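>>> Sequence first, then the predicted structure, then my questions.
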Amino acid sequence: MRRAIFLDRDGVINRSVVRDGKPYPPSSVAEVVILPGVAEALAALHDAGYLLIVVTNQPDVARGTTSKAAVEAINHHLNAHLTLDEFRTCYHDSTDGCDCRKPQPGSLLSAASQYSIDLSRSYMVGDRWRDIEAGTRAGCKTIFIDYGYDEKRPEAPDFIVTSLLEASKIILRETL
């Protein structure tokens with residue numbers, strides 16, 4: 001069985017656009033800023049044998065405020081500049097009832113099935129309660145990147161950090 005790191009996109013890999021204490025995705029590739037230490041963290045995790053799978057909610061597509069093409073262009077840009085294995089993007093809104101929208105664990109579970117991933121030896125890294133809840137429901141260890149957003153907080157992440165680089169060091173230390 002393989003191990004994976006499931007990563008939220010906005011706020012974990014690239015900077016979120018924060019307005020009134022709430023995070024939003026960049027609207028175009030021009031707004032994308034890869035966070036400091038991300039390339040280094042991803043390379044180290046990949047070298048340690050982890051699959052790196054981005055699991056991102058992008059409900060603005062269903063809401064009609066951004067296009068699927070804009071989201072895919074951002075994903076493609078990140079994939080071209082970073083060591084990542086796959087993007088799993090949910091384009092649904094909260095009311096759609098899909099199992100791929102975090103906090104539901106569907107995207108993690110389907111990846112685990114496709115790639116023979118041992119979820120108990122895998123991690124979900126996110127900056128919002130939905131990320132941590134999805135990881136918990138899937139049976140992963142969870143790491144919350146705390147930016148102090150003005151919104152609901154996760155209930156019981158396994159670790160709380162300030163960056164993906166800090167998270168990678170915990171993961172690599174736990175792996176040994």
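Alright, I've got the coordinates. Numbering: from 1, shown residues only.
>>> Which strands or helices does the longest strand anywhere in the chain pack on?
In the chain, assigned by DSSP state E, the strand with the most residues is strand 51-57. Packing contacts for strand 51-57, counted by 3 or more CB pairs under 8 Å, 6 or more residues apart in numbering; DSSP states H and E, involve strand 4-7, helix 38-47, helix 68-81, strand 86-90, helix 106-115, helix 129-138. Any C-beta I mention is one placed from the backbone N, CA and C, and that applies to glycine too.
>>> TSV please, covering those and showing mean neighbour count.
Formatted as TSV, these follow (neighbours: other CB atoms under 10 Å):
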stretch	mean neighbour count
strand 4-7	28
helix 38-47	18
helix 68-81	16
strand 86-90	18
helix 106-115	18
helix 129-138	23
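>>> Nearest to residue 59, out of these?
Closest of the helices and strands packed on strand 51-57 to residue 59 is strand 86-90, at 7.7 Å (criterion: CB to CB).
>>> rewinding a little: what's the average pLDDT for the helix or strand just after the longest strand of the chain?
Going down the chain from strand 51-57, the next helix or strand is helix 60-63, by DSSP states H and E. When pLDDT is averaged over helix 60-63, the result is 94.
>>> quick one: buried residues of helix 60-63?
60, 61, 62 (16 or more other CB atoms under 10 Å).
>>> circling back: quick one: the helices and strands packed on strand 51-57 as a markdown table, columns for mean pLDDT too.
Listed next are the helices and strands packed on strand 51-57 as a markdown table, based on pLDDT from 0 to 100:
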| stretch | mean pLDDT |
| --- | --- |
| strand 4-7 | 98 |
| helix 38-47 | 98 |
| helix 68-81 | 97 |
| strand 86-90 | 97 |
| helix 106-115 | 98 |
| helix 129-138 | 98 |
